[in-house]
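Just to be clear, the model below is a prediction. Sequence and coordinates:
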Amino acid sequence: MSEAVVFEGLPGCGKTSLINLLASELNVTKIPEILDQGKLWGEAKETENQDFFWLNDVSKMRLAKNSTEVALVDRGYASTLAYNYARTAIDKTNDYQRMLDKYYEDIVENNLTADLYIYVDTPIESAFVRKDRKVEKGNPWRDPTYLKGIITFYEMFFTEMERCTPTIRLGRTLSLEQLVKELEHKIVRLLNYDQK
């Protein structure tokens, strides 16, 4: 059974840690945030090349949909859309509309939407606690002003754009181990997944 379970949320909320623990518990595929962390990744990160990130997102969804089992995806296209939504709102760019067009062309038309979302909903302050991150004005993933826009997008995305896709919303009041146990049961039940 091919099911794409996509984890979303602010940086530092524990998505990758949850994926690693769940993948081990459920014995399923995990798909990393960035597929190719070579030279192109370094250049894209420096230049904020959104086409690189978008192609990465589409490739991850293809991998997940072509998997023979449940695939846990670390950040999907919603993150790239959220990033560009915040940049457009604050920097007055037109990047969001361009990415939104790509969303309908590349994701919706090719049936690459997620089968289930896990949204780790944490306060902005928590994005700076783990990994000792610092505020960086002008960096959408490190600036609280942009992070507010990203949260606004996530709310719109889960309640309007992909409202038909089941979404499990988690707050980080439980330990990672407790969250894994809770999620394990919900994923199995929602996807009717038979553990190996």
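Noted; the coordinates are in hand.

Please identify the buried residues of whichever strand or helix holds residue 88?
For residue 88, the host element (DSSP states H and E) is helix 77-91. Residues of helix 77-91 classed as buried: 77-89 (neighbour count, 16 or more other Cβ atoms under 10 Å). (Glycine included, C-beta is placed from N, CA and C.)

Which strands and helices lie in contact with whatever helix or strand comes next after it?
Sequence-wise, the next helix or strand downstream of helix 77-91 (DSSP H and E) is helix 95-102. Helix 95-102 sits against helix 50-66, helix 77-91, with contacts defined as 3 or more Cβ pairs under 8 Å, 6 or more residues apart in numbering; DSSP states H and E.

Run through who's touching the next helix-or-strand element following helix 95-102.
Moving toward the C-terminus from helix 95-102, the next helix or strand (DSSP H and E) is strand 116-120. By Cβ atoms under 8 Å, 6 or more residues apart in numbering, the surrounding residues in contact with strand 116-120 are 3-10, 13-15, 18, 78, 154, 158, 162, 165-170, 172, 183, 187, 190-191.

neighbouring strands for strand 116-120, and are they parallel or not?
According to DSSP bridges, strand 116-120 has the following sheet partners: strand 3-9 (parallel), strand 167-170 (parallel).

quick one, the helix or strand just after the shortest one and strand 116-120 angle?
From strand 167-170 onward toward the C-terminus, using DSSP H and E, the following helix or strand is helix 176-191. If you take axes from the mean of the first three to the mean of the last three Cα atoms, to 10 degrees, helix 176-191 sits at 160 degrees to strand 116-120.

by contact count, what packs against helix 176-191?
Taking 3+ Cβ pairs under 8 Å, 6+ apart as the contact cut, helix 176-191 packs with strand 3-9, helix 15-26, strand 116-120, strand 167-170.

Just to check, residue 64 is in contact with residue 31?
Yes: if you go by Cβ atoms under 8 Å, residue 64 and residue 31 touch, sitting 5.8 Å apart.

Overlap in contacts, these two.
71, 73.

Geometric centre of the chain: which residue is closest?
Centroid check for the chain by Cα atoms, centre = their mean gives residue 75 as the closest residue, at 2.3 Å.
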